[in-house]
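> just a sequence and a predicted model for now, questions to come.
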Amino acid sequence: MTISDKSARALLRAMFDAAIADADPARVVPARLPELPRGRCIVVGAGKASAAMARALETHWQGELRGLVVTRYGHAVPCRRIEIVEAAHPVPDAAGERAAERMLAMVGDLKADDLVIALMSGGGSSLLASPAAGLTLADKQAVNRALLASGASIDEMNCVRKHLSAIKGGRLAAAAHPARVVTLIISDVPGDDPAVVASGPTVADPTTVQDARAILRKYRIEEPAAALRHLQSGRDETPKPGDPRLVRAEMRIIATAQGSLEAAAQVARERGFTPLILGDAIEGEAREVARVLAGIARQVVRYGQPVPSPCVLLSGGETTVTVRGRGRGGRNVEFLLALAVALDGAPGIHALAGDTDGVDGAEEAAGAIVTPDTLARAAAKGVNAKERLADNDGHGFFAALGDQIVTGPTLTNVNDFRAVLIG
């Protein structure tokens with residue numbers, strides 16, 4: 001089968017749209033709600049999907065409730081009983097700090113008959129910014145920026161965030177004790193560990209202050225001094241598994257990258273393409289992952305292995321970018337630009353990569369598309385792919401070609417989606 005450029009682009013976009021739809025809060029929240037409590041119901045939450053989750057909860061909840069959730073700027077939706085606050089991502093701001101402080105106060109006087117429903121999704125780590133005692137918001141912002149530029153994995157970043165926070169790493173659930181806490185989670189992290197999503201405000205934390213210190217040493221992060229002193233003191237450890245304050249805390253994962261990949265795979269089958277899901281938790285430097293997937297795609301073309309064409313290689317997870325240039329990022333377009341360079345115009349191979357939240361890094365584009373003639377079209381415009389890759393300027397490269405994928409905020413987030421179409 002030889003697929004036209006137009007058809008390939010349409011199929012890639014249909015798979016991406018199906019992946020996003022599978023994690024729509026309106027679809028996944030209602031079936032996982034807890035039963036009504038005898039006492040009060042308080043809703044708290046954080047993340048790029050939290051406002052849409054709150055709306056789905058309100059629509060289907062039969063009892064009284066009130067609450068507060070914080071989402072990224074531009075991701076709010078109207079709610080009647082749950083207050084929606086917008087704050088900054090990926091570097092926290094004062095709005096997120098105030099929201100976190102208010103949430104802690106809201107759950108501070110609850111009783112055993114009361115219920116807390118926590119709505120957590122990707123992005124919550126930055127949006128819930130309550131610095132630990134002795135630290136300032138500026139301290140947390142500085143650490144966040146350093147971690148984002150270092151190439152640290154999401155697990156590593158969130159370990160450090162937990163140990164510099166007054167609300168993450170189980171502290172929110174501890175503050176709500178003795179109330180029951182039910183957390184609904186749309187997972188954006190490799191492995192779907194509830195303790196990592198949004199840095200686990202309602203989940204016991206198995207990591208330690210020593211782990212956090214080791215991560216900062218690994219990436220040679222030596223500022224701000226106040227944060228390092230706080231970790232060095234070891235005075236403020238997070239609640240651990242078995243902590244009696246968290247005995248009534250329950251987690252329900254309601255949407256995952258794997259579910260979204262399976263939805264995309266079904267679209268591929270219906271169009272006559274064999275899907276091969278390579279993994280839902282692929283990590284590593286974006287350009288290194290690109291080289292590996294380019295190698296697999298070439299193997300398909302040459303030998304029909306590990307699956308014959310027409311096929312699509314699907315994967316999820318979160319790659320990282322060690323920033324060395326001055327370009328406009330983000331990790332999905334970095335992956336795609338490196339993939340285009342590695343494929344070097346190989347015929348019959350198209351690809352799409354995008355963040356399911358609709359924003360790849362700090363840019364208002366979800367991702368982009370690569371075609372067999374990407375490098376040739378760029379060269380015709382005087383755009384050098386290798387130079388743009390060296391400058392971490394994936395967004396600038398694909399904007400010049402008109403190949404960005406723009407969805408706007410999708411109001412969900414199950415991390416990155418990658419599809420390499422061969423046919």
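That came in fine, so what should we check first?
> who are the contact partners of Ala132?
Remark: with contacts taken as C-beta atoms under 8 Å, 6 or more residues apart in numbering, Ala132 is in contact with His163, Leu164, Ser165, Ala166, His230, Asp236. Just so you know, the C-beta spots here come from the backbone N, C-alpha and C atoms, and that holds for glycine as well.
> same check on Leu147?
Glu156, Met157, Val160, Tyr219, Ile221.
> and it, that's in a helix?
Yes - assignment of Leu147 by DSSP: H, G, I helix; E, B strand; the rest coil places it within a helix.
> okay, it and Gly39: tell me how far apart.
39 Å (C-beta to C-beta, to the nearest Å).
> if we can go back for a sec, wait, which of the contacts of Leu147 is closest to Asp355?
Met157 (16.0 Å; C-beta to C-beta).
> what about Gln28, neighbour count?
Rather than Gln, residue 28 is Val. Here the number of neighbours of Val28 (other C-beta atoms under 10 Å) works out to 22.
> so which residues of the stretch 101-250 of the chain form strands?
Along the stretch 101-250 of the chain, the segments classed as strands by DSSP state E, counting those that start in this stretch run 115-121, 180-186, 249-255.
> give me whichever of those strands is most buried.
Ranked by average neighbour count under the criterion mean count of other C-beta atoms under 10 Å, the strands of the stretch 101-250 of the chain are headed by strand 115-121 at a mean of 29.
> neighbouring strands for that strand, and are they parallel or not?
Sheet pairing of strand 115-121 (DSSP bridges) gives strand 41-46 (parallel), strand 180-186 (parallel).
> with distance to Arg98 and mean pLDDT as added columns, please give those in a markdown table.
As requested, the strands paired with strand 115-121 are exported to a markdown table (distance: least, C-beta to C-beta, whole Å; pLDDT from 0 to 100):
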| stretch | distance to Arg98 | mean pLDDT |
| --- | --- | --- |
| strand 41-46 | 13 | 98 |
| strand 180-186 | 22 | 98 |
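> can you redo the strands of the stretch 101-250 of the chain as JSON lines with distance to Gln62?
Listed next are those as JSON lines, based on distance: least, C-beta to C-beta, whole Å:
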{"stretch": "strand 115-121", "distance to Gln62": "13"}
{"stretch": "strand 180-186", "distance to Gln62": "16"}
{"stretch": "strand 249-255", "distance to Gln62": "18"}
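> and of those strands, who's closest to Gly423?
Across those, the minimum distance to Gly423, taken as C-beta to C-beta, is reached by strand 249-255, at 29.3 Å.
> which neighbouring elements make contact with that closest one?
Helices and strands in packing contact with strand 249-255 are listed as helix 25-28, strand 180-186; criterion 3 or more C-beta pairs under 8 Å, 6 or more residues apart in numbering; DSSP states H and E.
> buried ones in whatever helix or strand comes next after it?
Once strand 249-255 ends, the next helix or strand along the chain (criterion: DSSP states H and E) is helix 257-270. By neighbour count, and taking 16 or more other C-beta atoms under 10 Å as the criterion, the buried residues in helix 257-270 are Ala257, Gln258, Gly259, Ser260, Leu261, Glu262, Ala263, Ala264, Ala265, Val267, Ala268.
> phi and psi next, for Gly279.
phi 160, psi 150 (degrees, to the nearest 10).
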